[in-house]
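Structural data only, the sequence is not supplied:
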């Protein structure tokens, strides 16, 4: 296959005008000999130069082929960390490889048929066979420190945007794609006629369709973006292939056609979501939302839903089950990016991309049993107590504990994140600690837990219990006053208050800094296989402006929503004072840290099976690209 993809940018030079022929002063024989010598020299030079060019191109083709083979091997092995080392350090471009229209290529056997160097860039033509059909695509690379890195688009390949007006709106395309403008326009016209009969209304028409020179997506009103056929797939004759047409059709249908969305919600507050559907339907009459209640103990029916209330695990993200929402969030003018609490907004990112629409946040609190404090002779702590004060209380109360009595219990594991966050506040240089916890903070936290658990009566040993037994054991211990300090959510305040003489406090800090309370951000996702992601995003964007978790006392993600619902003013004063004190210094447990301080890891530290340094270095290997 030797189809070229319009790489020649310039035009042939014009031939100079003929000059007047001069008479040579030599004999005809001498003239012929000299002419033959000159021609021979030119031919030899040309052939030598051509051979060198061909050798250079062959070496370049081989270099690109080796890079692609290595990347494909990492992709097939599910090794995302290695796979992305072949890409430029652009998070959006890397995470775009999860999209089916882009990663289908990586699942095939690739052949580099042509490669050209353009200063520090390389333009390569790659082909593969899929379902018996030859497909090809343009790939671009940049040489960085002598190594080729896959980039989304080069500096000089594309020639400039052209526009074309049509009955349905505006078609935008690069000049290199001009040959396909008519056929693309005809396809869009047919699709509009099919889905806009009798009319789509002012909300849908007119719109602009862009054959983009990058992989960015959009949720902007009146805009549809599809990557150029050169970036998706051409057939063996250099025409747009089926993958391009399928992608175009999917984007047009998602924009134009009425949608039925199935949205999974935990059963215990599905009614709150159900209540606001009429208001959403009034704004988007062409989108019908079906709430699917999900029991807590039931696995997600991922293939049956378009989205849902979910905090995705790293396994889900690495597998490619969850859609990257970054482009939608930043292109949708109605999403109001600035109207989020910073503490909540920072908890929805992984690999520098946004994976869930933040809805609310759970901020755990410390509950203290006043009679137990009195028996131990300990003074009730203030709202701004310190870690040294809490540790002294735990040791003093633990020294008097008998049988099942313990000083401290945390069924949420929030105390470990709080300790690690406070450790970083005291030890990190400005800018050195990012969103995810540093190895030093993780190791210090395990070391602290190992030290505390070696002292009898301090931390309740519930790590080795299964989830059901642990929940039952925790309720029993709290009910019988076998625990002096425990961690729980604000919504449980009344249930603990009925026991009598319960005190609420924030997580401790230090003499210099207030305590850092971990925030558990809750939100909504779009599942990768959804055929209607844009319509689902409209629902998610709408949800972000509503307090659907108000009965659970979860903090709304937007301060405007908190103000409208009176969230902070209606909290019972004891927990309201604590939450208002702690929230400004709260820090989200980011997606990349959710697998830290697991029960299994904590049990291995308590039992001495692993030392803190060893368990801090253990991280489960993610299996990437497994979802198709």
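Cool, the structure landed. These numbers were taken from a predicted model, which means no experiment stands behind them.

Please work out which residues outside the strand ranked longest in the chain touch it.
Among the elements of type strand in the chain, defined by DSSP state E, the one spanning the most residues is strand 133-144. Judged by C-beta atoms under 8 Å, 6 or more residues apart in numbering, the contacts made with strand 133-144 from elsewhere in the structure are 1, 3, 5, 64, 67-68, 88, 105, 108, 113, 120-129, 148-154, 157, 230-236, 238, 241-243. C-beta here means a position set from N, CA and C on the backbone, and glycine is covered the same way.

Strands - which of those residues land there?
Mapping those onto strands (DSSP E) picks out 113, 121-129, 148-151, 234-235.

Report the buried members of the residues you listed.
Buried members of these, scored by 16 or more other C-beta atoms under 10 Å, are 113, 121-128, 148-151, 234-235.

out of the residues you listed, who's nearest residue 435?
The shortest distance between residue 435 and any of those, using C-beta to C-beta, involves residue 149 and amounts to 24.9 Å.

which residues touch residue 83?
Taking C-beta under 8 Å, 6+ apart as the contact definition, residue 83 lies against 71, 74, 75, 97, 624, 625.

Burial check on the closest residue to it other than its chain neighbours, number of neighbours?
For residue 83, the nearest residue in space outside its immediate sequence neighbours is residue 74; the separation is 4.0 Å by C-beta to C-beta, 6 or more residues apart in numbering. Neighbouring residues of residue 74 were enumerated by other C-beta atoms under 10 Å; the total is 20.

Surely residue 74 touches residue 67?
No - taking contact to mean C-beta atoms under 8 Å, the distance of 11.0 Å between residue 74 and residue 67 leaves them out of contact.

Name the residues contacting each of these two.
Taking C-beta under 8 Å, 6+ apart as the contact rule, the neighbours common to residue 74 and residue 67 are residue 86.

What segments of the stretch 251-400 of the chain are strands?
Secondary structure of the stretch 251-400 of the chain, counting by DSSP state E, counting those that start in this stretch: strands at 259-266, 287-294, 307-309, 349-350, 353-354, 357-362, 365-369.

Tabulate these (a markdown table), appending mean neighbour count.
Shown next, in a markdown table, are these (neighbours: other C-beta atoms under 10 Å):
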| stretch | mean neighbour count |
| --- | --- |
| strand 259-266 | 20 |
| strand 287-294 | 18 |
| strand 307-309 | 24 |
| strand 349-350 | 21 |
| strand 353-354 | 18 |
| strand 357-362 | 23 |
| strand 365-369 | 23 |
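
which one of those strands lies closest to residue 274?
Of all those, the one in closest proximity to residue 274, counting by C-beta to C-beta, is strand 287-294 (5.1 Å).

sorry, back to before: which two among the ones in strands among the contacts of strand 133-144 are spaced furthest apart?
The farthest-apart pair in the ones in strands among the contacts of strand 133-144, when distances are taken by C-beta to C-beta, is 149 and 235, at 28.2 Å.

what's the following helix or strand after the worst-scoring helix or strand of the chain on mean pLDDT?
The helix or strand of the chain with the lowest confidence, counting by mean pLDDT, DSSP states H and E, is helix 28-76 at a mean of 78. Following the chain from helix 28-76 toward its C-terminal end, the next helix or strand by DSSP states H and E is helix 80-83.

in that following helix, what counts as buried?
Using 16+ other C-beta under 10 Å as the burial criterion, the residues of helix 80-83 that qualify are 80, 83.

Following the chain onward from that helix, which element is next?
Read in the C-terminal direction, the helix or strand following helix 80-83 is helix 91-95, with elements assigned using DSSP H and E.

Now do that next one, average pLDDT.
Over the span of helix 91-95, the pLDDT mean works out to 95.

any idea how far it is from the chain center?
In this view, helix 91-95 has its centroid 9 Å away from the chain centroid, taken as C-alpha atoms, centre = their mean, to the nearest Å.

Tell me how far residue 314 lies from residue 281.
When distances are taken as C-beta to C-beta, to the nearest Å, residue 314 and residue 281 turn out to be 35 Å apart.

Comparing the two, which residue is more hemmed in?
Legend: neighbour count by other C-beta under 10 Å for residue 314 and residue 281, higher for residue 314 (16 against 13).

That one and residue 495, how far apart?
Spatial separation of residue 314 from residue 495 under the definition C-beta to C-beta is 33 Å.

How about residue 251?
According to C-beta to C-beta, residue 251 and residue 495 sit 49 Å apart.

more crowded one of the two?
residue 251 (20 against 12).

Which residues outside stretch 196-205 are in contact with it?
168, 169, 192, 221, 255, 256.

go again using 10 Å as the cut-off
With contact meaning C-beta atoms under 10 Å, 6 or more residues apart in numbering, stretch 196-205 is reached by 167-169, 192, 195, 206-207, 221-222, 255-258, 283-286.

Restricted to helices, list the residues you listed.
Using DSSP state H, the subset of the contacts of stretch 196-205 located in helices is 192, 195, 255, 256, 283.

Please spell out the PyMOL selection for the buried subset of those residues.
Only the buried members of the ones in helices among the contacts of stretch 196-205 enter the following PyMOL selection, criterion being 16+ other C-beta under 10 Å:
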select buried, resi 192+255+256
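
What average pLDDT does stretch 591-601 get?
Per-residue scores along stretch 591-601 average to 93.

Report how far apart the opening and closing residues of it are.
Start to finish, the residues bounding stretch 591-601 are 18 Å apart (C-alpha to C-alpha, to the nearest Å).

repeat for stretch 93-108
20 Å.

Would you check the distance separating it from the middle of the chain?
15 Å.

Over to stretch 529-547?
Centroid separation between stretch 529-547 and its chain, computed with C-alpha atoms, centre = their mean, is 16 Å.

And for stretch 146-160?
For stretch 146-160, the distance between its averaged C-alpha position and the chain's averaged C-alpha position is 24 Å (C-alpha atoms, centre = their mean).
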